[in-house]
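Peer 1: model the structure of this input:
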Amino acid sequence: MNILLTRPLNQVKPLETLVNERGHQALLFPTLKIEALKSAPLKERYDVVIFISANAVEYGLEVLSSLGHRHDQIFAVGSATAKKLNDHGFQVDAFPQTKASSESLLAMPEVSELSDKDILIFRGKGGRETLKEGLGKNNTVEYIEVYERTQCKVVSFHQASLTQFLKSDQGVITITSVENLSTLMAMVEQMDADALDLIKQYPLAVLSERIKTYAQSVGFNQVEVAPQTNDEGLVQAIESIL
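Peer 2: Numbers count the residues shown, from 1 in each chain. Take a look at the predicted model:
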């Protein structure tokens, strides 16, 4: 079974390995590339720092290290983000154990009960406003944008992967964000307008209900949400479809 993987090339290897180990054919079709942004916090100390993704950890480590111990608590949006922080020696005070999302983090008592705190949120450029809206009522909230995602240039291996994928009417497309899916559609339409209608006939394995809602709104009918927001969860969603 062909599985179209749309993650950035520098992050796709673990998922590619899992997919191939399960006996499927992983086809690479990166839609986004991630680039670091040079940013600095406005204050020297924060009561709380929050990371909204593993990318925010990877590209925000230099800033976090520069803060030293000038913060009291660290929160993460999910287990993958928390693990990334732990791997780099930072202790995470709390994170949602099941669903990784801003909403799940806000629902945790440790976060919802924060008051009169200076909070620094590490994120990518142009991220969602959910956390700031939820925390800003009782706290001072600042963003630091440490990376940005930009659309990949269409190159020959995109065409090769898409051509091979469309040769069979059986296959699954993996999607990890709303932007990931919207960019996939834009790139496919750029390559072949007719192919855009074709890919909407294939099932998607996605990381969240939010992505599922968006996918259905743009014409994808079969969408399976991963039970965990990680590579293993995506593979489980693929297996559920098959």
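Peer 1: quick one, helices of the protein?
Peer 2: Along the chain, counting by DSSP state H, helices occupy 13-21, 54-67, 79-87, 102-107, 109-112, 130-135, 156-166, 178-191, 193-199, 209-217, 231-241.
Peer 1: so which of these comes closest to Arg123?
Peer 2: For the helices of the chain, the distance to Arg123 is smallest for helix 54-67, at 5.5 Å, taking Cβ to Cβ. In short, each C-beta sits where N, CA and C put it, glycine included.
Peer 1: now do the helix or strand of the chain with the lowest mean pLDDT: which elements does it pack against?
Peer 2: None of the helices or strands of the chain scores lower by mean pLDDT, DSSP states H and E than helix 54-67, at a mean of 89. If contacts are counted by 3 or more Cβ pairs under 8 Å, 6 or more residues apart in numbering; DSSP states H and E, helix 54-67 sits against strand 32-36, strand 48-51, helix 79-87, strand 118-124, strand 140-151.
Peer 1: list the buried ones in the first one?
Peer 2: Spelled out, it's strand 32-36. 32, 34 (16 or more other Cβ atoms under 10 Å).
Peer 1: tell me where the chain is predicted with low confidence.
Peer 2: Across the chain, the ranges flagged by pLDDT under 70 are 69.
Peer 1: again, 80 this time
Peer 2: Scanning the chain for pLDDT under 80 picks out 67-71, 98-99, 127.
Peer 1: do you know how far the residue lying farthest from the centre of it is from Val172?
Peer 2: Note on the chain: the largest C-alpha distance from the chain mean falls to Asp116, namely 29.7 Å (Cα atoms, centre = their mean). Asp116 sits 48 Å away from Val172, going by Cβ to Cβ, to the nearest Å.
Peer 1: if we can go back for a sec, tell me the most buried of the helices and strands packed on helix 54-67?
Peer 2: strand 48-51 (a mean of 26; mean count of other Cβ atoms under 10 Å).
Peer 1: partner strands of that strand, parallel or antiparallel?
Peer 2: strand 73-76 (parallel), strand 118-124 (parallel) (DSSP bridges).
Peer 1: burial count for Trp100?
Peer 2: No Trp there; residue 100 is Ala. By the criterion of other Cβ atoms under 10 Å, Ala100 has 25 neighbours.
Peer 1: next: the one 10 residues further on.
Peer 2: The burial count assigned to Glu110 is 13, neighbours taken as other Cβ under 10 Å.
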